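> Let's see this in three dimensions:
(chains A, B, C and D)
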Protein chains: 2
Amino acid sequence: MSPARMSRETLLPALAAHVLEHGLADISLRPMAKAAGTSDRMLIYHFGNKDALVAALLEYLAGIYAAALDAAFPDGPAISRKALAETVLEVTGQPAFAPFLRLWWDIVAGCADGNADYLASAGAMADVLLGWVEDHLPTSDPDPVAGARAVLAVIEGAMMLRAIGRSDIGEAGLAALES
Amino acid sequence: MSPARMSRETLLPALAAHVLEHGLADISLRPMAKAAGTSDRMLIYHFGNKDALVAALLEYLAGIYAAALDAAFPDGPAISRKALAETVLEVTGQPAFAPFLRLWWDIVAGCADGNADYLASAGAMADVLLGWVEDHLPTSDPDPVAGARAVLAVIEGAMMLRAIGRSDIGEAGLAALES
DNA sequence: ACTCAATTGTAGCGACTGCTACACTTGTAG
DNA sequence: CTACAAGTGTAGCAGTCGCTACAATTGAGT
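Numbering: from 1, shown residues only, chains lettered A, B, ... in the order given. Below you'll find the predicted structure:
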């Protein structure tokens, strides 16, 4: 029985799973290590310190977020800006996306705290979603660049309102996309 | 020199100031007590436990948030939905509002974690802002109820995008309000 | 076989966490 | 004056935190 040599790459999936389940705000080394089948001692050994671990984790999470986006969203153009926003809102409202959303708001809070690693990760994730929205606008959209930004702003606002228990406001707000 | 009798009411302003400066996510009793000129022992005495203290604090913060809103925003109706959103975004972008915003995203993250106290507080704050928006829509607005929700969704989306360093997306997204 | 670096386990440090036990001082009511 | 509850200071508990010292084990290269 070999002692299961580990590295950042083999640890990150287990760490990401743990973070998706328990959130990013209150993580600590020992529970993370237990979830990854190792010890806090080894996490520090492989990543240097906790901040570096979190930074690596955020980058890794941004990657699997992009993959999850591709997998979960339907292909093909939407029939309208509003319909596109409704689709995104419906998909992100499914239970499977809840861990991602909890993580997302942890990241946003970290950004508001001025954490550069969180800012980079959140910006990358937003850009991925913006690109996806731009690619799925109706082919007839007169201004896809501006349209994608309008759709994204409304989507994010509705997602936030849903997070705080005001999904009715967010859904009514989609009317902003009717032109 | 009397020992400065304290109560929840006299403690809350100092506690709120400390939370506005340091955020809500990582607060602990001893620094809070020091900021309020007392001891962790007394915070527990007056509030029972930390959760109750945070709940009281959130309620208090919702109150001063509403007051800050009234004080900071101009009176009178806006000339358009988009102009109204621009005004809100401009006011909340001022440095004086930064502590509030950091707190806001902490609260949203707490909501996503399922904390009932955070949900109640965030919902109340959102309702206050929704009411203010509804009251300041152009008098000519054809549907103030729906319009306020559209404006609020776009505002919140733009505020989130600004928090993560994508203010350009949020500002471009205001175009969603042009009809 | 020997060396050497990479990797891991054990144990623990000092600082911090929410909270409590206990003694003490007040202000007030009888 | 006395009794009593409200309020307060000191000290400390059991637990967690990030991180480190030290020693052991492993595997590859020579």
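
> okay but A:Ala66 is in contact with A:Val128, surely?
Yes - at 4.8 Å, A:Ala66 counts as touching A:Val128 under the criterion of C-beta atoms under 8 Å. Any C-beta I mention is one placed from the backbone N, CA and C, and that applies to glycine too.

> Any regions of chain A where pLDDT drops low?
Scanning chain A for pLDDT under 70 picks out the ranges A:1-4, A:179.

> In it, which residue sits closest to DNA strand D?
Here chain A gets closest to DNA strand D at one residue, A:Ser28, 2.9 Å apart by C-beta to the nearest atom of the strand.

> how near is that residue to DNA strand C?
Remark: distance between A:Ser28 and DNA strand C (C-beta to the nearest atom of the strand, to the nearest Å) = 11 Å.

> Check the burial of that residue by counting its neighbours.
For A:Ser28, the count of nearby residues is 10 (other C-beta atoms under 10 Å in any protein chain shown).

> Now A:Pro142, what are its backbone angles?
phi -70, psi -30 (degrees, to the nearest 10).

> need the longest helix for chain A.
Determined from DSSP state H, the single longest helix within chain A is helix A:50-72.

> list the buried ones in it?
Neighbour-count burial for helix A:50-72 flags A:53-58, A:60-62, A:65-66, A:69 (criterion: 16 or more other C-beta atoms under 10 Å in any protein chain shown).

> buried sites along the helix or strand containing A:His18?
A:His18 is located in helix A:8-22, with elements delineated by DSSP states H and E. Of all the residues in helix A:8-22, those buried under the rule 16+ other C-beta under 10 Å are A:11-12, A:14-16, A:18-20, A:22.

> just those now: which is nearest chain B?
Set against chain B, the nearest of these by C-beta to the nearest C-beta is A:His22 (9.8 Å).

> hang on, isn't that closest one packed against A:Lys34?
No - with contacts counted by C-beta under 8 Å, A:His22 stays clear of A:Lys34, the gap being 11.5 Å.

> residues in chain A within reach of DNA strand C, list them.
Residues of chain A lying close to DNA strand C (C-beta under 7 Å from any atom of the strand) are A:3-7, A:38-42, A:45-46.

> Contacts made by the helix or strand containing A:Leu129 with the rest, please.
Per DSSP H and E, A:Leu129 falls inside helix A:116-135. Residues outside helix A:116-135 that contact it (C-beta atoms under 8 Å, 6 or more residues apart in numbering or on different chains) are A:51, A:54-55, A:58-59, A:61-62, A:65-66, A:69-70, A:73, A:84, A:88, A:104, A:107-108, A:110-111, A:144-145, A:147-149, A:151-152, A:155, B:161, B:164-166, B:169.

> out of those residues, who's near DNA strand D?
Okay, of these touching DNA strand D (C-beta under 7 Å from any atom of the strand), that's A:Asp51.

> re the thing from before, does DNA strand D have contacts with the helix holding A:Leu129?
No - Helix A:116-135 does not reach DNA strand D (C-beta under 7 Å from any atom of the strand); its nearest approach is 13.8 Å.

> And that helix, how far out from the chain middle?
9 Å (C-alpha atoms, centre = their mean, to the nearest Å).

> after that helix comes which helix or strand?
helix A:144-163.

> Tell me what angle that next one forms with helix A:116-135.
Relative orientation of helix A:144-163 and helix A:116-135, computed by axes from the mean of the first three to the mean of the last three C-alpha atoms, to 10 degrees: 120 degrees.

> Only the buried residues of helix A:144-163, if you could.
If you call a residue buried by 16+ other C-beta under 10 Å, then helix A:144-163 has these buried ones: A:144, A:147-163.

> Which residue, other than its chain neighbours, is closest to A:Glu156?
Of all residues not flanking A:Glu156 in the chain, B:Gly157 sits nearest, at 3.8 Å (C-beta to C-beta, 6 or more residues apart in numbering or on different chains).
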